[in-house]
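Q: Mind folding the following:
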Amino acid sequence: MSTIEFNEALIGMENNLHSFAMSFTRNNEDAKDLTQETMLKAITYRTYYAPQTNFKAWVFTIMRNIFINQYRRKVKSGTIFDHSQELYLLNGTSESTNQPIHYMLEKEVSSQINSLGDEYKTPFEMHFQGFKYKEIADSLGIPIGTVKSRIFIARKKLMDLLPDYNYAMN
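A: From the prediction side, this is the model:
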């Protein structure tokens, strides 16, 4: 595939890429950014594309990987998306972390996490700290499927225990 054919195929997919990005981000501006970054990365790494393979799948995989990597960076940096009207969960500045409300909220969340029991608490905390499922499984000596299940159950229990912190995903 020549450079011109590659670029034309990529530009022809822009609307499909934007739609796919919207399914990840649910925000038009973020979807535009993700689409643009995907197209840039596809152009940068076009030599890795194998001719006579599914071009659309190759580009969509690039987008999915970019989104996952960005999500992991946000989790590790401790970014919180607050969808409440009062925006009381945001902790972007150091001055907000010194306020008494911050300590009360942290104490409430911590006590509910501690109430989970070690079976669920330990894998959940390790995952929250950024450990990968495989690392958690190896550390605890349990199968990776069990780790995933326990983290899922811990999240569900915390959502039930902390209903004020829930927000609509859609």
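Q: mean confidence for stretch 15-22?
A: In this model, stretch 15-22 has an average pLDDT of 92.
Q: and it, how far out from the chain's middle?
A: Stretch 15-22 has its C-alpha centroid displaced from the chain centroid by 18 Å (C-alpha atoms, centre = their mean, to the nearest Å).
Q: Check what contacts that stretch and list those residues.
A: Contact with stretch 15-22 is made by 28, 30-32, 34-35, 38-39, 56, 59-60, 63, 67, as judged by C-beta atoms under 8 Å, 6 or more residues apart in numbering. Where C-beta positions appear, they are placed from N, C-alpha and C, glycine not excepted.
Q: Give me the buried entries from those residues.
A: 31, 34, 35, 38, 39, 59, 60, 63, 67 (16 or more other C-beta atoms under 10 Å).
Q: So which residues make contact with stretch 124-135?
A: 75-76, 113, 116, 136, 139, 144, 147-148, 150-151, 154-155, 158.
Q: buried subset of the residues you listed?
A: 113, 116, 136, 147, 150, 151, 154, 158.
Q: so what's the residue nearest in space to the middle of the chain scoring on pLDDT?
A: By C-alpha atoms, centre = their mean, the chain has its centre lying nearest to residue 71, at 3.3 Å. Per-residue confidence (pLDDT) for residue 71: 82.
Q: so where does it fall, helix or strand?
A: helix 55-77 (DSSP states H and E).
Q: Can I get the helix or strand harbouring residue 40 in PDB, CA atoms only?
A: Per DSSP H and E, residue 40 falls inside helix 28-44. Provided in PDB are the C-alpha atoms of helix 28-44 (Å, rounded to 0.1, in the frame of the first residue of the first chain):
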ATOM      1  CA  ASN A  28     -17.200  14.900  21.800                       C
ATOM      2  CA  GLU A  29     -14.000  16.900  22.500                       C
ATOM      3  CA  ASP A  30     -12.200  13.900  24.000                       C
ATOM      4  CA  ALA A  31     -13.400  11.700  21.100                       C
ATOM      5  CA  LYS A  32     -11.900  14.300  18.700                       C
ATOM      6  CA  ASP A  33      -8.600  14.200  20.600                       C
ATOM      7  CA  LEU A  34      -8.500  10.400  20.600                       C
ATOM      8  CA  THR A  35      -9.300  10.300  16.900                       C
ATOM      9  CA  GLN A  36      -6.600  12.700  16.100                       C
ATOM     10  CA  GLU A  37      -4.000  10.900  18.200                       C
ATOM     11  CA  THR A  38      -5.000   7.600  16.600                       C
ATOM     12  CA  MET A  39      -4.600   9.000  13.100                       C
ATOM     13  CA  LEU A  40      -1.200  10.500  14.000                       C
ATOM     14  CA  LYS A  41       0.000   7.200  15.500                       C
ATOM     15  CA  ALA A  42      -1.300   5.200  12.500                       C
ATOM     16  CA  ILE A  43       0.700   7.500  10.200                       C
ATOM     17  CA  THR A  44       3.800   7.400  12.400                       C
END
